[in-house]
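Asker: I need the structure of the sequence given here:
(one chain, ligands or ions: 1)
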Amino acid sequence: MSDDDVQLEARLAEQEEFEPPAEFVEQANVSDAGIYDEFEENWPECWESAAEMLDWDEEYDQVLDDSNPPFYEWFTDGTLNASANCLDRHLEERGDEVAIEWIGEPTDEENRTFTYEELHREVNEFAASLREMGVGEGDIVTMYMPMVPELPIAMLACARIGAPHSVVFAGFSAEALATRMNSADSEYLVTCDGYYRRGDPLDHLDKANEGLSMVDHEVSDVVVVDRLGPNGDGFGHDLADNQSDYGELVEEQSGETVDPVGRDAEDMLFLMYTSGTTGQPKGVKHTTAGYLAWAAWTSHSVLDVKPDDTYFCAADIGWITGHSYIVYGPLALGTTSVMYEGTPDYPERDRLWEIIEEYEVNQLYTAPTAIRAFMKWGGEYPDRHDLSSLRLLGTVGEPINPRAWKWYYKHIGDESCPVVDTWWQTETGGMMVTTLPGVKNMKPGSAGPPLPGIDARIVDTNGEEVEAGRAGYLTVNKPWPGMLRTLYNNDERFIEEYWKEYSDVDSDDPDDWVYFPEDGAKIDDDGYITVLGRVDDVINVSGHRLGTMEIESAIVGVEGVAEAAVVGGDHDVKGEAVYAYVILEDGYEGDDEMHDRIVAGVEDAIGPIARPEGVVFTPELPKTRSGKIMRRLLEDIANEDELGDTSTLRNPDVVEDIRVKVQEE
Ligand code: WT7
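Answerer: Numbering: from 1, shown residues only. Predicted coordinates:
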């Protein structure tokens, strides 16, 4: 490093606050700081500005109906169609502009570019196929697909005919697919033969079929996208009687159009399953108007997306980030959304930078876990490429440490792009706490103030606001358009999981209802919020949310396992990693074979993302006198931290035994 570089590093390391670059502010979609007061004074009517971003068939009557909290309704009695908002309305002016730029992982393969016109055509054809198959308004269609263009096409086709979709991340296991299809009573599945990962074709249909065999009701139709080409790269699948080839279906409907179905503002657009405290994943219900308005408004205000931009969110559509910020937000705004199939290190560690250079990407939105990996790989990879097209950087999914933030700001953004650290969740539909990049200074490590119109506070266990600098719990005290409406078929659990903690559940005054996202956080004197992490039994591995109960029940399902406790331990790339403490039944050995069976059990039940980093065999688990496992102590052991208080334990010695064991390994 030159002396200049050393000085620069030293300055960056110390700097705690960064102003938005003047050049950015000049052109920003939002640059008037008055928006915060304006929205506060004019709440909830301020959200008309989000609704106005959409085209409505019938105007809504009321911005917010809060007569039955927490079952809030937004833009009531309005009707619209999400697919028409993402496609049809752009045709006249932007029909020839690129909607989706799809880049496959193999470098010798041609990209697939869809203009709005082309995307519109294919969405119509597939919507016609779904209709032909018998899919009607309100039928839930499951999608178990990797990052192929047919995934957003299928989502928009469903939206067009008013059939809610439920997308299951392709990395999830067969069992996870079946659980979700069973929970949603979904009779239709769109899937795919396989895809590429680090150069190798992966069989996906095999896993889908295995999942289908565990579905407890009749699945009437399965559509299979041919991703791998005519010979299936050797997998040689035969389609079953109720399975059809996607390509043949759309071919049969060639040139067909389907009128977008006018959907009620509050009609379900999609379900997205996410992990919670119990073993059963929760089906988060999002609506047509509020969700779409939220995705569009935040894409415009926070990601600064403009129709002429080329925007790249490097997430997977199988998670909410991809729903809101690869598909619905950017397409509602008529921009070009880049979709990349593979991993960032294939064929080399500069793949993302190569894409950014080639397509002159303007915004990059990714996760801290990826940024930490880039940082580990070193600045030489981005340095090989011209990244000067970038105007804004974003991060989401987990807390970002200031060092990774600054690396991103300097090595990717060349100190000329604002970085937005966006806190939100599957349940919130879109961003909630982050700086408006054209208005607010950035503070590395802190997501920033709540967005205008969002009333987020940090409180103690009694719901009283805590002093600046003190750790507490994040709460949201007013509803917002993008919020989940309920958990599918389970209003009771909806109240139980998100509201009970800080609300007066017998009240019908909305002021008595407070949303609890189950995150710990602190706030500073400027109202900037630093999110500290989950306070429930959920761990965040590489920005992916996993329930410890789900993993534990997978482990307990392995023959020979008597009991298991799973915790998250610090990990320098993944953020958190899964550590399992396992008690075996008599007659079983904690050997390599057992270890491998446990890992395989978790991969089968959930998927490779939940794979334990460490498995510790122990004769006992630390328990309170009432028999509750003390996870906190197990976390301390995993992190090699000083042990917390063990005096309330029924069996205090066991902690020391486990610790010695872990250190020996
Ligand atoms: C949980 C939600 C939001 C889409 C991806 C994850 C954590 C998310 C941040 C951030 C600190 C964050 C929270 C949250 N989280 N963004 N910027 N800073 N923590 O969605 O799977 O629903 O997980 O991710 O703990 O509750 P999700």
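Asker: Show which residues not belonging to the host helix or strand of residue 39 make contact with it.
Answerer: In this assignment (DSSP states H and E), residue 39 forms part of helix 35-41. For helix 35-41, contacts defined as Cβ atoms under 8 Å, 6 or more residues apart in numbering pick out 46, 436, 439, 449, 452-453. The C-beta positions use only the backbone N, C-alpha and C, and glycine is treated the same way.
Asker: so which of those residues also contact the ligand?
Answerer: When Cβ under 6 Å from any ligand atom is applied, no member of those is adjacent to the ligand.
Asker: Of these, select the buried ones using a PyMOL command.
Answerer: Selection of buried members from those for PyMOL, criterion 16 or more other Cβ atoms under 10 Å:
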select buried, resi 46+436+439+449+452+453
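Asker: just to revisit the earlier point, could I get the helix holding residue 39 in CSV with only the CA atoms?
Answerer: Taking C-alpha atoms only, helix 35-41 is exported to CSV below (Å, rounded to 0.1, in the frame of the first residue of the first chain):
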residue,chain,number,x,y,z
ILE,A,35,-40.5,14.6,3.9
TYR,A,36,-40.1,13.3,7.5
ASP,A,37,-42.2,16.0,9.1
GLU,A,38,-44.6,16.1,6.2
PHE,A,39,-45.3,12.4,6.5
GLU,A,40,-45.6,12.6,10.3
GLU,A,41,-48.1,15.4,10.1
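Asker: Run the chain-centre distance for that helix.
Answerer: Its chain's C-alpha centre and that of helix 35-41 lie 28 Å apart, by Cα atoms, centre = their mean, to the nearest Å.
Asker: list the buried ones in the helix or strand just after that helix?
Answerer: In the C-terminal direction, the helix or strand that comes right after helix 35-41 (DSSP H and E) is helix 48-51. By neighbour count on 16+ other Cβ under 10 Å, the buried set for helix 48-51 is 49-51.
Asker: same check, this time on stretch 83-94
Answerer: Buried positions in stretch 83-94, judged by neighbour count with 16+ other Cβ under 10 Å: 83-90, 94.
Asker: From the rest of the structure, what touches it?
Answerer: Taking Cβ under 8 Å, 6+ apart as the rule, stretch 83-94 contacts 54-55, 97, 99, 116-117, 119-120, 123, 127, 156-157, 159-160, 260, 292, 307, 327-328, 331-332, 334.
Asker: can you rerun that using 6 Å?
Answerer: 54-55, 116, 120, 156, 159-160, 260, 331-332, 334 (Cβ atoms under 6 Å, 6 or more residues apart in numbering).
Asker: related to what we said a few turns ago, looking at the contacts of helix 35-41, spot the one nearest the ligand.
Answerer: Using Cβ to the nearest ligand atom, residue 449 comes nearest to the ligand of those, at 13.1 Å.
Asker: show me the residues around the residue of the stretch 301-450 of the chain found nearest the ligand that make contact.
Answerer: Relative to the ligand, the nearest point of the stretch 301-450 of the chain is residue 426 (3.4 Å; Cβ to the nearest ligand atom). Applying Cβ under 6 Å, 6+ apart, we find residue 426 in contact with 272, 274, 284, 320.
Asker: any low-confidence regions in the stretch 301-450 of the chain?
Answerer: Scanning the stretch 301-450 of the chain for pLDDT under 70 picks out nothing.
Asker: Look up the closest residue to residue 613, ignoring the ones flanking it.
Answerer: Distances taken as Cβ to Cβ, 6 or more residues apart in numbering put residue 577 closest to residue 613, at 3.8 Å, once the chain neighbours are dropped.
Asker: Quickly list what that neighbour is bridged to.
Answerer: Beta-bridge partners recorded for residue 577 (DSSP bridges): residue 569.
Asker: What residues does it make contact with?
Answerer: 569, 571, 613.
Asker: Looking at those residues, spot the one nearest residue 401.
Answerer: The nearest member of the contacts of residue 577 to residue 401, counting by Cβ to Cβ, is residue 571 at 12.4 Å.
Asker: Give me every residue in the stretch 351-500 of the chain lying close to the ligand.
Answerer: Neighbours of the ligand within the stretch 351-500 of the chain, by Cβ under 6 Å from any ligand atom: 396-399, 421-426, 447.
Asker: what about the stretch 151-300 of the chain, any weak spots by pLDDT?
Answerer: Judged by pLDDT under 70, no stretch of the stretch 151-300 of the chain qualifies at all.
Asker: List the buried residues of the longest helix along the chain.
Answerer: Identified as the longest helix of the chain according to DSSP state H is helix 116-133. Of all the residues in helix 116-133, those buried under the rule 16+ other Cβ under 10 Å are 116, 118-131, 133.
Asker: ok, now stretch 629-646?
Answerer: If you call a residue buried by 16+ other Cβ under 10 Å, then stretch 629-646 has these buried ones: 629-631, 633-638, 646.
Asker: closest to residue 522 among the residues you listed?
Answerer: Residue 522 lies nearest to residue 635 out of the buried residues of stretch 629-646, by Cβ to Cβ, at 19.5 Å.
Asker: Does the closest one touch residue 566 like I think?
Answerer: No. Taking contacts as Cβ atoms under 6 Å, residue 635 lies outside contact range of residue 566: 10.4 Å.
Asker: that older thread, can you pick out the most distant pair from the buried residues of helix 116-133?
Answerer: 116 and 133 (25.7 Å).
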